[in-house]
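**Student:** Provided below are the primary sequence and the corresponding predicted coordinates.
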Amino acid sequence: DGGITQSPKYLFRKEGQNVTLSCEQNLNHDAMYWYRQDPGQGLRLIYYSQIVNDFQKGDIAEGYSVSREKKESFPLTVTSAQKNPTAFYLCASSTSRDTQYFGPGTRLTVL
Amino acid sequence: SQQGEEDPQALSIQEGENATMNCSYKTSINNLQWYRQNSGRGLVHLILIRSNEREKHSGRLRVTLDTSKKSSSLLITASRAADTASYFCATDADDYKLSFGAGTTVTVRA
């Protein structure tokens, strides 16, 4: 899992609640990414950031928000507007268009 | 959007056998990557092949790329129980983004 940490490992959300997933990297990478993975499926890009204080929507950004105030940190908030948030969330970082390094993931379950 | 599509969806082999999986994609690429994911874990990068390369090796892994057919294959030789995982191909879309396929689940039987 390299130098990327995600917390918590498991997260439970009640209906109507916002929750924030943490992602920290010590690889000095400029770019960071958030993906969602549903059972038996590939990864779908939620948001990505190429530089501090800048980020772009991915393919499924609705109901999610991010911030990039520090190079090392890229937290993801799952808002109450995301109607089906139960999934496995993966954070990654990279220096270029090449290799992405992934964290261990956070499994979010809606109660 | 998922550009890469892996085939087969699932593969079951005996320990010591070779495993081959394929990836097809739709648009031109700069490079193609293969990643492995153990159950419930993050993805681990295996190998990257650039568009001007046709074959690449890394240990027991062999990757080929045919840009005319927009396809790639990953061969794992002499498989081990520890190779049991899902394998994903990823193509570079634009900027810093990668597009992942749905993956091939490989089970290696002892």
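**Tutor:** Yep, it's here.
**Student:** does A:His100 touch B:Val44 like I think?
**Tutor:** In this structure residue A:100 is Gln, not His. No. If you go by C-beta atoms under 8 Å, A:Gln100 and B:Val44 don't touch, sitting 10.4 Å apart. The C-beta positions use only the backbone N, C-alpha and C, and glycine is treated the same way.
**Student:** chain B contacts on chain A?
**Tutor:** A:1, A:4, A:31, A:33, A:35, A:40-45, A:48, A:50, A:56, A:58-59, A:88, A:90, A:92, A:94, A:96-105, A:107 (C-beta under 8 Å from any C-beta of the partner chain).
**Student:** redo that, cut-off 7 Å
**Tutor:** Neighbours of chain B within chain A, by C-beta under 7 Å from any C-beta of the partner chain: A:1, A:31, A:41-43, A:45, A:48, A:50, A:59, A:90, A:94, A:97-100, A:102-105.
**Student:** just to revisit the earlier point, of A:Gln100 and B:Val44, who's got more company?
**Tutor:** Using other C-beta atoms under 10 Å in any protein chain shown as the criterion, A:Gln100 and B:Val44 rank with A:Gln100 on top: 29 against 14.
**Student:** without its sequence neighbours, what residue ends up closest to the closest residue to chain B within chain A?
**Tutor:** Closest residue of chain A to chain B, C-beta to the nearest C-beta: A:Phe102 (3.7 Å). Distances taken as C-beta to C-beta, 6 or more residues apart in numbering or on different chains place B:Gly42 nearest to A:Phe102, at 3.7 Å, with adjacent residues excluded.
**Student:** for that neighbour, what are its contacts?
**Tutor:** Applying C-beta atoms under 7 Å, 6 or more residues apart in numbering or on different chains, we find B:Gly42 in contact with A:Asp1, A:Leu90, A:Phe102, A:Gly103, A:Pro104, A:Gly105.
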